[in-house]
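Novice: I'd like to go over a predicted model; first the sequence, then the structure.
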Amino acid sequence: MDSDIIKVATPQVGEEEVAAVREVLLSGSYVSGIKVKEFEEKFAEYIGTKYAVAVGTGTAALFIALEALGIGKGDEVIVPPLTFFATVSSVLYLGAVPVFADLDMDDLCLSPESVEQQITAKTKAILPVHLFGAAAKMDEILDISGKHGLIVVEDCAQAHGTEYKGKKVGATGHAGAFSFFATKHMTTGEGGMITTNSEDVAEQCKVIRSHGMSGRDDHLRLGYNNRMTEMEAAMGIIQLKKLDELNRKRIENSEYLLNEDEEPQGRDEGKGEPAFFPGDPHHELLDARDHRLEEVLSPARDHFQALGGYPGDHDEQDHHQPSVGDVREQQVLKESVRITWIVDYGQAQLFQKKTQKQNRMFHAYLSPLRNALTAS
């Protein structure tokens with residue numbers, strides 16, 4: 001492969017993961033065993049919830065959590081326009097209707113003000129997406145949900161380790177949904193996790209993920225075959241141990257790329273809580289957007305199809321995908337799309353302006369950085 005080719009992402013795995021998976025393979029126990037249980041317990045402890053339920057994918061984590069919380073046909077679920085398509089498709093799987101609220105331009109997450117404007121008699125849930133290392137304004141979203149009696153499911157597919165006011169995301173709503181796809185902050189190849197403080201929600205998720213079964217032969221409801229394997233869980237246990245260090249390296253790398261100095265400069269912790277939280281280098285990229293990314297917006301837009309990441313073309317946004325049907329008529333402010341171009345494609349043009357030395361370092365440390373830059 002040409003050494004100049006920039007990969008979208010490379011999973012950060014090593015001999016520890018190989019040994020853990022090998023141990024499971026030789027054990028002969030492959031599904032829903034002690035490794036899955038251990039991974040669930042350790043992940044719940046890391047996030048700060050009472051329960052965690054492992055499932056087959058991050059998408060499954062979303063729609064199983066929504067179903068366990070009673071979302072169904074005809075219910076309206078408020079979602080952001082800037083996210084991966086799985087946020088929307090998870091709502092559609094259940095026969096529910098995604099309703100797009102606009103973004104808060106401070107963090108590119110759901111605007112609480114816009115959310116409240118979209119609430120109708122059919123609204124049953126809010127699905128905030130924590131993205132680019134930034135957490136949605138959960139205090140305000142929870143106030144709105146409490147006032148209107150709504151469910152809140154946090155999409156944390158790109159927020160492993162992101163914090164909101166000292167608390168990890170995935171621990172404040174009725175449930176959180178994480179992905180362990182190969183491009184995420186930590187990976188099990190495929191896989192997902194639901195976090196919750198509700199015993200009933202956790203039990204319903206376990207039933208739904210396994211053919212609607214309780215015990216060996218009692219099918220209590222319609223469910224899915226969406227369990228996590230023991231091999232995936234074994235890998236996840238090791239990856240979870242490395243997560244904080246991987247996130248630290250991502251942040252350091254992004255700081256290096258965005259600073260003119262020779263060495264990375266740490267943030268001044270004395271200036272108070274940052275608007276963008278650890279767990280993803282995008283908080284540094286977004287801090288710089290007004291000063292340095294605007295200048296590369298135009299050429300970035302010209303090249304967006306070749307650069308990958310989230311679609312920047314208005315016609316390619318989730319609310320305009322043909323499979324969404326009538327939902328494509330929802331209005332979303334053009335500013336949301338403009339920021340997509342700036343963040344995802346502007347940064348790629350910015351990287352090309354760096355010196356040869358910086359480019360060599362960029363390639364050497366590309367994988368842990370781009371895992372977070374391009375995944376949802």
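Specialist: In hand now; what should we look at? Numbering: from 1, shown residues only.
Novice: which non-adjacent residue is nearest Met186?
Specialist: Once flanking residues are discounted, Met186 sits nearest to Gln239: 3.9 Å by Cβ to Cβ, 6 or more residues apart in numbering. Bear in mind the C-beta positions are built from the backbone N, C-alpha and C, glycine included.
Novice: Was I right to think that neighbour contacts Glu16?
Specialist: No: contact criterion Cβ atoms under 8 Å: Gln239 and Glu16 do not qualify, at 9.1 Å.
Novice: one step back: any idea which helix or strand carries the residue nearest to Met186?
Specialist: Element membership of Gln239 [criterion: DSSP states H and E] is helix 230-258.
Novice: Tell me the helices and strands packed up against that helix.
Specialist: Other helices and strands packing on helix 230-258, by 3 or more Cβ pairs under 8 Å, 6 or more residues apart in numbering; DSSP states H and E, are helix 15-27, helix 34-47, strand 51-55, helix 282-287, helix 347-352, helix 356-364, helix 366-373.
Novice: Domain ranges for this structure, per the record?
Specialist: What the record gives for the chain is the domain set 15-236, 243-373, from automatic domain parsing.
Novice: Lys50 reaches Glu203, doesn't it?
Specialist: No: contact status for Lys50 versus Glu203: not in contact, 11.9 Å apart, counting by Cβ under 8 Å.
Novice: pLDDT weak spots in the chain?
Specialist: Scanning the chain with the threshold set as pLDDT under 70 gives 1-8, 260-376.
Novice: just the strands in it please.
Specialist: Along the chain, the segments classed as strands by DSSP state E run 51-55, 76-79, 97-100, 103-104, 109-110, 123-126, 151-155, 163-164, 167-168, 175-179, 192-196, 213-214, 218-219.
Novice: To Leu69, which of these lies closest?
Specialist: Closest approach to Leu69 among the strands of the chain (Cβ to Cβ): strand 151-155, 4.8 Å.
Novice: which parts of that closest one are buried?
Specialist: The neighbour-count check on strand 151-155 (16 or more other Cβ atoms under 10 Å) flags Ile151, Val152, Val153, Glu154, Asp155 as buried.
Novice: any idea how far the residue lying closest to the second one once chain neighbours are set aside lies from Gln239?
Specialist: Counting by Cβ to Cβ, 6+ apart, Val152 lies nearest to Gly173, which is 3.7 Å off, once chain neighbours are set aside. Summarising the geometry, the distance separating Gly173 from Gln239, computed by Cβ to Cβ, to the nearest Å, is 24 Å.
Novice: ok, those two, which is more surrounded?
Specialist: Gly173 (28 against 25; other Cβ atoms under 10 Å).
Novice: thinking that one is in contact with Leu150, fair?
Specialist: No: with contact defined as Cβ under 8 Å, Gly173 does not reach Leu150; the gap is 10.4 Å.
Novice: Now list whatever residues contact both of these two.
Specialist: Counting by Cβ atoms under 8 Å, 6 or more residues apart in numbering, Gly173 and Leu150 have no contacts in common.
Novice: what number of residues lie near the closest residue to Glu232 other than its chain neighbours?
Specialist: In this structure, Glu232 finds its nearest non-sequential neighbour in Thr188, 3.9 Å apart by Cβ to Cβ, 6+ apart. By the criterion of other Cβ under 10 Å, Thr188 has 30 neighbours.
Novice: So Thr188 sits against Ile237, correct?
Specialist: No: in this structure Thr188 lies outside contact range of Ile237 using Cβ under 8 Å: 9.4 Å.
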